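Enquirer: Fold the following, please.
(one chain, ligands or ions: 1)
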Amino acid sequence: MGKALIIGAGGVGSVVAHKCVQAPEVFEEICIASRTKSKCDELKQKLDGGKTKIQTAQVDANNTEEIINLINKFKPDIVINVALPYHDLPIMDACLATKTDYVDTANYEPPDIPKFEYKWQWAYKDKFKDAGITALLGSGFDPGVTGVFTAYAKKHHFDEIHYVDILDANAGDHGYPFATNFNPEINIREITAKGSYWENGKWIETEPLEIKRKYNFPEIGEMDIYLLHHEEIESLAKNIKGVKRIRFWMTFSEKYLTHLQVLQNVGMTSIEPIEFQGMKIQPLQFLKAVLPDPATLGPRTKGKTNIGCIFQGIKDGKKKTYYLYNVCDHQECYKEVGSQAVSYTAGVPAMIGALMVMTGKWKKPGVFNVEEFDPDPYMDALNKYGLPWKESFSPELID
Ligand SMILES: NC(=O)c1ccc[n+]([C@@H]2O[C@H](COP(=O)([O-])OP(=O)(O)OC[C@H]3O[C@@H](n4cnc5c(N)ncnc54)[C@H](OP(=O)(O)O)[C@@H]3O)[C@@H](O)[C@H]2O)c1
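Expert: Got it, this is the predicted structure:
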């Protein structure tokens, strides 16, 4: 059917490439491009031999001209952006210049301000519309599948959705005293930021990790959950009419939070550059360099993730509760694609998002979040490509 250019060859990029070659009828050719070309070449070596033709390239995702040149050379139908959130805008500019469809998994965040928001990318709506191309934003698991779950709940189970609680649990153990399951810089910026949730038409801000509850997760058991700000709250608040409250919860162990507290106290999580041996370094980027590379956690991580959404609302005049979730086993993911479940649960939906656009099921000029499309083909693809979902009609609720 066509060609995809994958930008980024880290934990998530590797899963995307593995999954694209599992659908060669759609992804006839892929090009894996990143800052460090050797990582792309390693991936190509692992994946070559199937029906999908694979190329690799070196590219600086901050440099729109370089991306344009690569797109003009490879001529992809779509660019799958799984580099870092700072690269969303340069890559979207290159897609505009070359009239190429675009998909990503994380919204834009300026490198010097730890605040992710959709406003920068939503501002491209008319430009993408005029160019006749599609940008699909946030097609990972969260954001991504959580938005598709919401659209599915709305379509099949509710007349009105009033409350959404998004729960992201990772009960995996990698055996290190401290490591992050995806890019440490992005992960730590997210957790150390203030929390917030959407209630009655406005944002309620909390101190970082101020609100804590316990939740008994299916197939995982009881864990501590903390309220965080998360990007899909912003798009769901805009796109799900009548919603009264949306909250996002993530599990953290006491051990993880104690390490993080110490690192914060000594200034290691700061993004303010400091002078070190005659050069400027950002403490958080230095910390990233000394922490285990998330891509190497795969063989060590045991246990499961459970990510899903609890919906409360009205159906046929009666109150209704519905829980949609996916359980993913770290070791099973590693056996299949050589990565743990955190990269797997983000990479599979990125491939599915690209597949939706390439097959024309979700192709529409403009810039869209996943919940703005028909969820059914995406939900089928989740079952087909390794993230089967489960449902419950009487879940435990969070107060
Ligand atoms: N929605 C979700 O559920 C979800 C979940 C997890 C992650 N994510 C997102 O997925 C993305 C990738 O995460 P990850 O865990 O795979 O991160 P990662 O392992 O750090 O990989 C990032 C990749 O981007 C490349 N890169 C960095 N700067 C670049 C530049 N200037 N030019 C070209 N390539 C560059 C890196 O190259 P090097 O090898 O040279 O460093 C690496 O290959 C992030 O945006 C993250 O926020 C989304």
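Enquirer: Could you use CA atoms for every contact and neighbour count after this?
Expert: Fine.
Enquirer: Please identify the residues of the chain in proximity to the ligand?
Expert: Residues of the chain found near the ligand, taking CA under 6 Å from any ligand atom as the criterion, are 8-13, 34-36, 59-62, 82-85, 105-106, 138, 140-144, 182-183, 186, 295, 343, 346.
Enquirer: May I see the ChimeraX selection of the buried members of those residues?
Expert: A single ChimeraX command selects the buried members of the residues of the chain next to the ligand (16 or more other CA atoms under 10 Å):
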select :8,9,10,11,12,13,34,35,59,60,61,62,82,83,84,85,105,106,138,140,141,142,143,144,182,183,186,295,343,346
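Enquirer: so of the residues of the chain next to the ligand, which ones are in strands?
Expert: residue 34 (DSSP state E).
Enquirer: Could you pick out the longest helix of this structure?
Expert: helix 341-358 (DSSP state H).
Enquirer: continuing past that one, what's the next helix or strand?
Expert: strand 366-369 (DSSP states H and E).
Enquirer: following that next one, which helix or strand comes up?
Expert: Next along from strand 366-369, by DSSP H and E: helix 375-384.
Enquirer: Tell me the strands beside whatever helix or strand comes next after that following helix, with direction?
Expert: Sequence-wise, the next helix or strand downstream of helix 375-384 (DSSP H and E) is strand 389-392. If you go by DSSP bridges, strand 389-392 pairs up with strand 318-329 (antiparallel).
Enquirer: Now do the contacts for the residue of the stretch 251-399 of the chain found nearest the ligand.
Expert: Minimum separation of the stretch 251-399 of the chain from the ligand (CA to the nearest ligand atom) falls at residue 346, amounting to 4.3 Å. Residue 346 sits next to 12, 105, 139, 140, 141, 142 when contact means CA atoms under 8 Å, 6 or more residues apart in numbering.
Enquirer: give me the number of residues near the nearest residue to residue 391 once chain neighbours are set aside?
Expert: Nearest residue to residue 391, sequence neighbours excluded (CA to CA, 6 or more residues apart in numbering): residue 324, at 4.6 Å. Other residues near residue 324 come to 21 when the count uses other CA atoms under 10 Å.
Enquirer: what about residue 324, distance to residue 137?
Expert: 21 Å (CA to CA, to the nearest Å).
Enquirer: Please apply the same query to residue 213.
Expert: Where residue 137 is concerned, residue 213 sits at a distance of 30 Å (CA to CA).
Enquirer: So for these two, which sits in the more crowded spot?
Expert: Neighbour totals were compared for residue 213 and residue 137, and residue 137 leads with 27 against 13 (other CA under 10 Å).
Enquirer: Show me the beta-bridge partners of the more buried one.
Expert: On the basis of DSSP bridges, residue 137 is bridged to residue 369.
Enquirer: Tell me which residues of stretch 331-347 come out buried.
Expert: 331-334, 337-347.
Enquirer: Next: stretch 152-166.
Expert: Result for stretch 152-166 [16+ other CA under 10 Å]: buried residues 152-154, 157-166.
Enquirer: First-to-last residue distance for that stretch?
Expert: End-to-end for stretch 152-166, by CA to CA: 14 Å.
Enquirer: ok, and what's touching it?
Expert: Contacts for stretch 152-166 (CA under 8 Å, 6+ apart): 146, 240, 242-249, 307-316, 320, 322, 374-376, 398.
Enquirer: Give me the buried subset of these.
Expert: 146, 240, 243-249, 307-315, 320, 322, 375.
Enquirer: Give me the subset of those lying in strands.
Expert: 245-249, 307-315, 320, 322.
Enquirer: correct me, but residue 256 touches residue 178?
Expert: Yes: with contacts counted by CA atoms under 8 Å, residue 256 reaches residue 178, the gap being 6.2 Å.
Enquirer: so where's the stretch 1-150 of the chain shaky on pLDDT?
Expert: Within the stretch 1-150 of the chain, the stretches with pLDDT under 70 are 114.
Enquirer: just the helices in it please.
Expert: Here the stretch 1-150 of the chain has its helices, by DSSP state H, counting those that start in this stretch, at 11-20, 37-47, 64-74, 88-98, 119-122, 125-131, 145-156.
Enquirer: For the third one, list every residue counted as buried.
Expert: For helix 64-74, the buried set under the neighbour-count rule, 16+ other CA under 10 Å, comprises 64, 65, 66, 67, 68, 70, 71, 74.
Enquirer: With distance to residue 48 as added columns, please give those residues in JSON lines.
Expert: What follows is the buried residues of helix 64-74, written out as JSON lines (distance: CA to CA, whole Å):
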{"residue": "64", "distance to residue 48": "29"}
{"residue": "65", "distance to residue 48": "29"}
{"residue": "66", "distance to residue 48": "26"}
{"residue": "67", "distance to residue 48": "24"}
{"residue": "68", "distance to residue 48": "26"}
{"residue": "70", "distance to residue 48": "21"}
{"residue": "71", "distance to residue 48": "22"}
{"residue": "74", "distance to residue 48": "18"}
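Enquirer: closest to residue 23 among these?
Expert: residue 74 (19.4 Å; CA to CA).
Enquirer: Need the max-distance pair from the ones in strands among the buried ones among the contacts of stretch 152-166.
Expert: 249 and 315 (25.3 Å).
Enquirer: okay, how far is it across stretch 129-145, tip to tip?
Expert: End-to-end distance of stretch 129-145 (CA to CA): 24 Å.
Enquirer: Could I get the contacting residues of residue 271?
Expert: 112, 282, 283, 284, 285.
Enquirer: Which residue, neighbours along the chain excluded, lies closest to the first one?
Expert: Distance criterion CA to CA, 6+ apart; nearest residue to residue 112, sequence neighbours excluded, is residue 271 at 7.2 Å.
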